[in-house]
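**Student:** need a 3D model of the following:
(2 chains, ligands or ions: 1)
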Amino acid sequence: MFLINCPYCGERDQQEFKAGGEAHIERPKQPTELSDDEWAEYLFMRKNIKGIQFERWNHAHGCRKWFNMVRDTSNDQIKAIYKMGEKPPSQ
Amino acid sequence: MTENLRVKSSEYIDETNRISFKFNGKTYHGFKGDTLASALLANNVHLVGRSFKYHRPRGIMTSGSEEPNAIVQVNPGTNRTEPNVRATELEIYEGLEASSQNCWPSVEFDIGGINNFLSPFFPAGFYYKTFMWPASFWEKYEFFIRHSAGLGKSPTSNDPDIYDHQNIHCDVLVVGAGISGILAAKNAAKNNFKTLLVDEKNELGGSTIFENNEFNKIDNKTPSEWLKKEIEELKNIKYLEIKTRTSVAAYHQYNYLLARENLTDHLEEKDKTNKIRQRLLKIRAKKVILATGALERPLIFNNNDRPGIMLSSAVKKYSEFYGVACGSKNVFFTNNDSAYESAMSLYNKGINVEAIIDIREQSESKIVKKLKEAGIKIYWSHSIVDTTGYKRLNSISIMKLSNDGASVTGSKIFISCDCLGVAGGWTPAVHLYTQSGSKLKFDEERQIFLPNQNTSEQISVGSCGGDFKIDEILKNLNQKLKDTLNINDTDLDSIKVEIDQENSKRNIWLLPSDKPLGKTKPFVDYQNDATAKDIKLALREGFRSIEHVKRYTTTGMGTDQGKLGNMHALGIIADTAGVKMGELGTTTFRPPYTPLTFGTIVGRNVGKFFDIFRRTPMNDWHVENEAEFENVGQWKRAWYYPINGETMYQAVQRESKAARESAGILDASTLGKIDIQGSDASEFLNRVYTNAWSKLAIGKCRYGLMLNEDGMVYDDGVTTRLGENHYLMTTTTGGAANVLGKLEDYLQTEWPELDVYLTSVTDHYATASLCGPNSKKIIKKIIPDLDLSDENFPHMSFKEAKIGNIQCRIMRISFTGEHSYEINVQASYGKDLWEKCLEAGKEFNITPYGTETMHLLRAEKGFIIVGQDTDGTMTPIDLQMDWIVSKKKYDFIGKRSLYRSDTMKEDRKQLVGLLTEDPNVILEEGAQIVSELNQSPVEMLGHVTSSYFSPNLNKSIALAVVRGGKDMMGKQLFVPMENKNINVTVANPVFYDEKNERLNA
Ligand SMILES: [Zn+2]
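**Tutor:** Below is the predicted model:
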């Protein structure tokens, strides 16, 4: 059970949060101009990294804000947390 | 034979408080402070169970939670019965009853004992190899296995006890109250860290509290005297909380631990009532100090499992702590000095010690010399090659060990004995440490796994950290405390320690016998009957990974998780495979460290608290009027209202007819409601719904379909424009929370530039939906001054009005196809509104209807229910709802996916209507649909999604999804059922009032 430092509320138990998959996948601005393959890339293809992964989390049972997390999936260490729209920390 | 082996009073046993209890139906006596194990031993009862596979008689081996054999069923046949309780942990109380497990029909005569003589046929992997074939024999195997290999019985009636959960936040959690844990907790609390100290036993002090070796001194006192003084001082420390009878079951990441606090298991039946039995502590600690100690290892030799063969440390604890002699002719077998402390303890209490067998060549410590001088025979460089005694040990035979320890030589010496204390060295209890995700390293010299890489703020102190001698323990503890608590001085700075014990140890994982291995039974895992030869067989058969060997031989897979034998299993594998133990890795220790009851896990969440539920403001009326309810998400919704003993079918037919013929009323309060405001609200709706919203006039309503980005239908509902920048969206009952979450996600992450605010108002409003040709007249009666003409208040529009003083929002929208109004009021007025409508509707025979009738009425109209007629693979096109997909809008969620090659295929499953050839036959929802009956394998075209008998059409109707169904209008298909094939015809899904004339009727 992680202890997650919500950038708006502070440290809270993991059960207050919802994981939202890989971060920094922007919805294409002009979807209709994409080929089937390009759209499928956005829609379906996700990395599943053993190691440092950038992911989205939502404080669903709290402030309901979305934010980003850098997590080492091999040992579940949370390396960094930053707000939506902020640049990811350089590795 | 009952004898009293109580040797000397002990301060931990209250001999003035005599307790009677029953074991296997026979009455015994013990004292307050005894465990079931110590009380049985005092009565000279060693035989307490049978082993799992061979049903060999087994006795008490240990004095703690690592016990593999003495597991009992407590209070059998009662509603408080509990299986798999370790007799070594169970405190006795007046009236306690316990019985052996895993023996049938009795522990003295066990039918499975025959397996012992058949054991050549029960090698490693026996179950995998035998019970595979033939499959039809499984019934017989099952009967055999279930009868003869019991793992206890679960209670058959309700648990009368109360269980609780508690969250605890602390600065420092100390696990284990031995000498290290006590000193760690004391120093942490004294430095103002909020500290919690837990221990699984009822007394503090661990093994040091009965450590009376005269050659070890702390500040000139014996360790036990010194520690008692320290414990006394704990009472007055402000920031310290102590919980005994509390065992940590799991250590998760980020210092989150689960512990079970046992509050009533040691109390008499009459004192258990109305108290919390066990409490699950959910502990989040800033720092964790593990002081879990070490477990003594047995030695692996031929027939090392007979009742009477125990750990040397257990023999000592029973003597020192409980004042019980485990035998009258005691022998010790050891590879290190700790057996001598046990022997000394017995000697000092006047208990007979026959001999000590030591596989080492010698030891120089004072305690060894003293025992030698006392005349106790020590056999150096000797090993036990066999033991005898079926239900109780009666002799051992020993031989001289060769220099390399691989074989035995010389002549056999027989020693008569009834108790053998075995000392194979110590294994740090690193189970919790590894559960936390931290990594171990193997110390090749000392042959132990030690904490190495911590993943959270934690330290391991005392013997679980690899320090076994008191001087080392105190020195390293002091430094670790200073480092981890960031303090400069501690109580430990000035302590003076003298110690005697010698370090020397000779480690042989599998001791040789004069017989070949195949003819011996050296047990490694006592509970699961895995022997050294099983492990070797697994290796010969090609298993290499420790995890595979473990599963194949079942080593370490019992309720004790192989706490005693895991190291030997590893050692034997390493020796046999010729690799270093450190390279093998260790097996994974999984929670719980000791078993938890289900009661503890669920806590208060039982009965009506099992799951939360939501009720509408009209709920009391539904209950009073004897509605049947169904669960929709968390909601309790009125399902139908049977009168005069109607069946569900009858009630629904009546309700459906009444709603179309005159007037019906539905509690629609559960529909999800989201208030949307902001200058970009219209643009936002344009992006999330498939249809266009910009031109919706204020005061108008519109139906919308929401897709996922993959183009599949996600939710639907009517949204009303309340003002220029203000909308009220409704969602399906079950989808409300997810829709809100999805909308917030897009707003926060993809379109943060939009000025839109979302508020869930589902619980703020109660909704009564009034439908039928007389609904207008009823509304007129309640709100006389509202102009209900089609010009002023047309279908798909909204008005604000007042019913008396109650402000309400009225939408003229319809899910039944009838002329219909949805009236929304503040939730607290919900029941009042409902009763007003019923009162006004009396003259029109207004009929309350539930969700089932609502489903029937909408099916007559071919309106979909998201989640019933769709399943996450249906596009609007598949649903024949092309009309709702805007061609003009540049983008909306899911738009691009509607043009993927896959979603544009013609032969996708599409929503159609189905009519049965015989109009009285009602299809089963979920039934498969085929076009050919004689094909093999038959091709499934789709399935029935909704099916009812329509009282208004007087025939059965169904909705279905059928591959390529759009182009099958009028085609005959089949629904094959168990006993018959039903002929059906593909039809328009709108069965009733295709031209929507009734909306304005
Ligand atoms: Zn938050």
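**Student:** name the residue of chain A that lies nearest to chain B.
**Tutor:** Nearest residue of chain A to chain B, counting by C-beta to the nearest C-beta: A:Pro31, 3.7 Å away. All C-beta spots, glycine's among them, are computed from the backbone N, C-alpha and C.
**Student:** for that residue, which non-adjacent residue is closest in space?
**Tutor:** B:Arg896 (3.7 Å; C-beta to C-beta, 6 or more residues apart in numbering or on different chains).
**Student:** any idea how many residues pack against that neighbour?
**Tutor:** Neighbourhood size, B:Arg896 [other C-beta atoms under 10 Å in any protein chain shown]: 24.
**Student:** distance of it from B:Leu90?
**Tutor:** Taking C-beta to C-beta, to the nearest Å as the measure, B:Arg896 falls 66 Å from B:Leu90.
**Student:** what sits against the residue of chain B most remote from its centre?
**Tutor:** The centre of chain B is farthest from one residue, B:Glu791, which by C-alpha atoms, centre = their mean lies 61.3 Å away. With contact set as C-beta atoms under 8 Å, 6 or more residues apart in numbering or on different chains, B:Glu791 has no partners.
**Student:** gap between it and B:Leu770?
**Tutor:** For B:Glu791 relative to B:Leu770 (C-beta to C-beta), the value is 20 Å.
**Student:** near chain A, which residues of chain B?
**Tutor:** Contact residues, chain B versus chain A (C-beta under 8 Å from any C-beta of the partner chain): B:252-256, B:284, B:437, B:455, B:709-710, B:741, B:744-745, B:748-750, B:752, B:890-891, B:895-897, B:899-901.
**Student:** switch the cut-off to 7 Å
**Tutor:** Remark: the part of chain B in contact with chain A comprises B:252-254, B:256, B:284, B:437, B:455, B:709-710, B:741, B:744-745, B:748-750, B:752, B:890-891, B:895-897, B:900-901, using C-beta under 7 Å from any C-beta of the partner chain.
**Student:** quick one: low-confidence parts of the chain?
**Tutor:** All of this is about chain A. A:91 (pLDDT under 70).
**Student:** hm, I was asking about chain B
**Tutor:** Checking chain B against pLDDT under 70 turns up B:1-4, B:9, B:102-150, B:501.
**Student:** around the ion, pick out the residues from chain A.
**Tutor:** For chain A, the contact set with the ion under C-beta under 5 Å from the ion comprises A:Cys6, A:Tyr8, A:Cys9, A:His59, A:Gly62, A:Cys63.
**Student:** narrow the residues you listed to just the buried residues.
**Tutor:** Buried residues within the residues of chain A next to the ion, counting neighbours by 16 or more other C-beta atoms under 10 Å in any protein chain shown: A:Cys6, A:His59.
**Student:** redo the residues of chain A next to the ion as CSV? Include distance to B:Asp164.
**Tutor:** Below are the residues of chain A next to the ion laid out as CSV (distance: C-beta to C-beta, whole Å):
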residue, distance to B:Asp164
A:Cys6, 28
A:Tyr8, 32
A:Cys9, 27
A:His59, 28
A:Gly62, 25
A:Cys63, 30
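**Student:** just the ones of the residues of chain A next to the ion in strands?
**Tutor:** Residues of these located in strands (DSSP state E): A:Cys6.
**Student:** nearest to the ion: which residue in the stretch 701-850 of chain B?
**Tutor:** B:Gln748 (12.1 Å; C-beta to the ion).
**Student:** host element of the residue nearest to B:Leu517 when sequence neighbours are not counted?
**Tutor:** Nearest residue to B:Leu517, sequence neighbours excluded (C-beta to C-beta, 6+ apart): B:Lys533, at 5.2 Å. Assigning secondary structure by DSSP states H and E places B:Lys533 in helix B:532-540.
**Student:** next helix or strand past that helix?
**Tutor:** Counting by DSSP H and E, the element after helix B:532-540 in chain order, helix or strand, is helix B:546-553.
**Student:** mind giving me the packing neighbours of whichever helix or strand comes after that following helix?
**Tutor:** Going down the chain from helix B:546-553, the next helix or strand is helix B:566-577, by DSSP H and E. Judged by 3 or more C-beta pairs under 7 Å, 6 or more residues apart in numbering or on different chains; DSSP states H and E, helix B:566-577 is in contact with helix B:532-540, helix B:546-553, helix B:581-584.
**Student:** can you tell me the SS state at B:Glu354?
**Tutor:** Put simply, B:Glu354 is strand when judged by DSSP: H, G, I helix; E, B strand; the rest coil.
**Student:** wait, it sits on B:Asp418?
**Tutor:** No: in this structure B:Glu354 lies outside contact range of B:Asp418 using C-beta atoms under 7 Å: 9.6 Å.
**Student:** now do the shared contacts for those two.
**Tutor:** Shared contacts of B:Glu354 and B:Asp418, defined by C-beta atoms under 7 Å, 6 or more residues apart in numbering or on different chains, are found at B:Lys329.
**Student:** what's the farthest-apart pair in the residues of chain A next to the ion?
**Tutor:** Farthest apart among those by C-beta to C-beta are A:Tyr8 and A:Gly62. That separation is 7.9 Å.
**Student:** break down chain A into its strands, ranges please.
**Tutor:** Going by DSSP E, chain A shows strands at A:3-6, A:10-13, A:18-22, A:52-58, A:66-72, A:77-83.
**Student:** tell me who's in contact with the residue nearest the centre of chain A.
**Tutor:** Per C-alpha atoms, centre = their mean, the C-alpha nearest to the average position across chain A is that of A:Arg56, at 1.7 Å. Counting by C-beta under 7 Å, 6+ apart, A:Arg56 makes contact with A:Gly20, A:Gly21, A:Ala23, A:Trp66, A:Asn68.
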